[in-house]
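Participant: quick one, fold the following:
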Amino acid sequence: MVIVVLALLAGVHRYLWRRLVGDTTAEGGALRRAGTVAAYVLPLLSVGALVSGRAGAPFWLQRVLAWPGYLWLAAVLYLTLALLVGEAVRPVLRRVLACRAARPDDADTASADGVNDAGPASRANHADHSNPAADAPGAGTSAAPATLVAEAPAPPRPDTPSRRLFVARAVGGAAAVAGLGTVGLGTYGVLRGPGVKRITVPLAKLPRSAHGFRIAVVSDIHLGPILGRAHTQRIVDTINRTQPDLVAVVGDLVDGTVADLGPAAEPLARLKARHGNFFVTGNHEYYSGAAQWVDRVKELGLHPLENDRVEIDGFDLAGVNDIAGESEGQGPDFARALGDRDRTRAAVLLAHQPVVIHDAVAHGVDLQLSGHTHGGQLWPGNFIADLANPTGAGLDRYGDTQLYVSRGAGAWGPPVRVGAPSDITVVELASLRA
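Facilitator: Purely as a prediction, here's the structure:
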């Protein structure tokens with residue numbers, strides 16, 4: 001599998017080099033050399049960004065590799081898509097240029113019009129002056145064919161190197177602008193921080209006293225070599241402005257150890273909610289030292305729900321560990337979190353991955369709040385997210401259980417989002433008895 005992926009990446013980079021460098025630059029020129037060096041260095045930086053954290057590289061090195069390495073991964077995707085569109089444009093543009101080149105130029109057209117518009121005497125004089133043999137026997141019969149040959153349209157000229165170069169540069173340049181522009185806009189969307197999305201979810205068992213209860217749901221913050229303390233502070237400020245009754249952090253808070261990212265998480269201590277701040281693990285916590293991070297979020301004032309629940313005014317709030325914890329014997333335990341509760345009360349479950357929805361249905365959960373999918377993060381990744389999860393993003397219903405999946409507040413890998421803007425969702429619970 002690894003060999004197949006590497007072969008695919010090599011083929012894609014070869015294609016990018018050919019269209020953006022080989023077809024558009026002079027052999028032996030400085031631009032050709034620079035493009036060729038980039039075609040080797042950039043994918044190596046991407047591999048370094050992907051493996052440096054798992055390999056235990058110093059955090060400063062992870063940060064050095066992360067920006068160019070991850071951004072190039074996003075650039076490869078959108079440059080390739082733009083160039084594939086360009087493949088359809090390329091022959092059309094060549095045909096248009098060939099047709100334009102085949103037209104007679106203005107001077108020839110003007111000359112031909114001058115001769116054709118003159119009277120019979122003028123045409124005769126023109127023929128006499130332009131053809132010394134006009135008085136020769138048989139000259140009168142050869143004049144008409146000469147005029148017909150002059151007026152016949154020129155045949156299409158064959159494709160020329162200069163025309164091919166123009167087309168290659170036009171298509172390659174347009175693809176570069178489109179691909180890199182898309183990555184730039186997607187990066188800006190992540191770095192400016194998530195927006196606020198508001199939804200109302202009616203729950204049949206919710207009492208009137210809890211009508212209008214607001215839960216700020218934030219998932220997939222992904223603190224790491226790129227997104228750090230400033231990113232956390234933006235999220236905290238955004239949540240606090242919504243004045244929620246409760247904050248739910250539903251996993252994938254970090255991509256790294258407490259030693260490296262502890263300071264980046266400190267702004268979480270300033271979260272404000274009347275009924276408290278709660279946390280459940282995501283799969284990335286188990287790649288980063290879940291036990292240490294559970295202890296750290298406790299110090300920051302968050303209440304971890306490790307296969308546990310608490311009673312909130314009007315409903316039960318439960319949380320289960322992520323399924324990635326099964327490798328450490330710390331996976332989700334629905335019986336422990338929900339097994340002995342009073343089922344006449346509404347239950348809201350925090351679970352990082354949407355795929356556990358069927359366990360939630362079996363245990364009588366009214367609403368599950370999840371993340372994990374990022375909404376696909378990079379279009380057309382949304383189609384993959386929809387295939388791999390019961391719900392890729394948004395609110396859905398499974399039997400008597402509703403599932404809400406947040407697109408998340410950060411980004412994994414490339415700090416880029418296209419077609420899946422980051423969000424913090426304020427879920428307002430509505431009582432049907434109100």
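Participant: residue boundaries of the strands in the stretch 1-150 of the chain?
Facilitator: Per DSSP state E, counting those that start in this stretch, the stretch 1-150 of the chain carries no strands over any range.
Participant: now it, which segments are flagged as low pLDDT?
Facilitator: Under the criterion pLDDT under 70, the flagged ranges of the stretch 1-150 of the chain are 104-150.
Participant: please repeat the previous calculation with a cut-off of 80.
Facilitator: 1-2, 101-150 (pLDDT under 80).
Participant: the helices in it, which residues?
Facilitator: For the stretch 1-150 of the chain, helices defined by DSSP state H, counting those that start in this stretch occupy the ranges 2-17, 30-52, 59-102, 106-117, 120-130, 139-151.
Participant: and the angle for the second one with helix 59-102?
Facilitator: This points to helix 30-52. Here the directions of helix 30-52 and helix 59-102 differ by 140 degrees (axes from the mean of the first three to the mean of the last three CA atoms, to 10 degrees).
Participant: which of the three states applies to residue 430?
Facilitator: Assigned by DSSP: H, G, I helix; E, B strand; the rest coil, the conformation of residue 430 is strand.
Participant: can you check residue 180 too?
Facilitator: The three-state label for residue 180, taken from three-state DSSP, comes out as helix.
Participant: residues near the nearest residue to it once chain neighbours are set aside, how many?
Facilitator: Among residues not flanking residue 180 along the chain, residue 75 sits closest, at 6.2 Å (CB to CB, 6 or more residues apart in numbering). The way it works is simple: take the backbone N, C-alpha and C, and place the C-beta from them, glycine included. Look at residue 75: counted by other CB atoms under 10 Å, it has 22 neighbours.
Participant: next one: stretch 8-27 to chain centre, how far?
Facilitator: Here stretch 8-27 is found 23 Å from its chain centre; the criterion is CA atoms, centre = their mean, to the nearest Å.
Participant: scratch that, stretch 21-37
Facilitator: Put simply, stretch 21-37 sits 29 Å off its chain's centre (CA atoms, centre = their mean).
Participant: swap in stretch 399-419?
Facilitator: That offset, for stretch 399-419, works out to 12 Å (CA atoms, centre = their mean).
Participant: start to end distance for it?
Facilitator: 29 Å (CA to CA, to the nearest Å).
Participant: and stretch 388-397, by the same measure?
Facilitator: One end of stretch 388-397 sits 17 Å from the other (CA to CA).
Participant: buried residues in it?
Facilitator: Residues 389-393, 396 are the ones in stretch 388-397 that count as buried (16 or more other CB atoms under 10 Å).
Participant: what does stretch 212-223 give?
Facilitator: Applying 16+ other CB under 10 Å to stretch 212-223 flags 213-223 as buried.
Participant: ok, these vs residue 244, which is closest?
Facilitator: Nearest to residue 244 out of the buried residues of stretch 212-223 is residue 216 (CB to CB; 3.7 Å).
Participant: parallel or antiparallel, which strands does the helix or strand containing that closest one pair with?
Facilitator: Residue 216 belongs to strand 214-218 when assigned by DSSP states H and E. Sheet pairing for strand 214-218, assigned by DSSP bridges, gives strand 246-250 (parallel), strand 423-431 (antiparallel).
Participant: one step back: and which of the buried residues of stretch 212-223 is nearest residue 281?
Facilitator: Closest approach between these and residue 281, by CB to CB: residue 219, at 11.5 Å.
Participant: quick one, grab the pLDDT at the closest residue to the closest one other than its chain neighbours.
Facilitator: Spatially, and ignoring its direct neighbours in sequence, residue 219 is nearest to residue 371 (2.5 Å; CB to CB, 6+ apart). Looking at residue 371, its pLDDT reads 98.
Participant: ok, residue 371 touching residue 249?
Facilitator: No - Residue 371 is beyond contact range of residue 249, at 9.3 Å (criterion: CB atoms under 8 Å).
Participant: between those two, which contacts overlap?
Facilitator: residue 219 (CB atoms under 8 Å, 6 or more residues apart in numbering).
Participant: and the helices in the stretch 301-434 of the chain, which stretches?
Facilitator: 334-338, 357-362, 381-388.
Participant: same question for the second one: list its buried residues.
Facilitator: This means helix 357-362. Buried-residue list, helix 357-362, by 16+ other CB under 10 Å: 357, 359-360.
Participant: then the longest one?
Facilitator: By neighbour count, and taking 16+ other CB under 10 Å as the criterion, the buried residues in helix 381-388 are 381-382, 385.
Participant: can I get those in CSV with pLDDT and distance to residue 68?
Facilitator: CSV is the format used below for these (pLDDT from 0 to 100; distance: CB to CB, whole Å):
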residue, pLDDT, distance to residue 68
381, 95, 21
382, 94, 26
385, 95, 26
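Participant: my read: residue 53 touches residue 61, true?
Facilitator: No - using CB under 8 Å, residue 53 is not in contact with residue 61; the gap is 9.9 Å.
Participant: out of those two, which sits in the more crowded spot?
Facilitator: residue 53 (21 against 14).
Participant: spatially nearest residue to that one (excluding sequence neighbours)?
Facilitator: residue 62 is the one closest to residue 53 (CB to CB, 6+ apart), at 5.6 Å.
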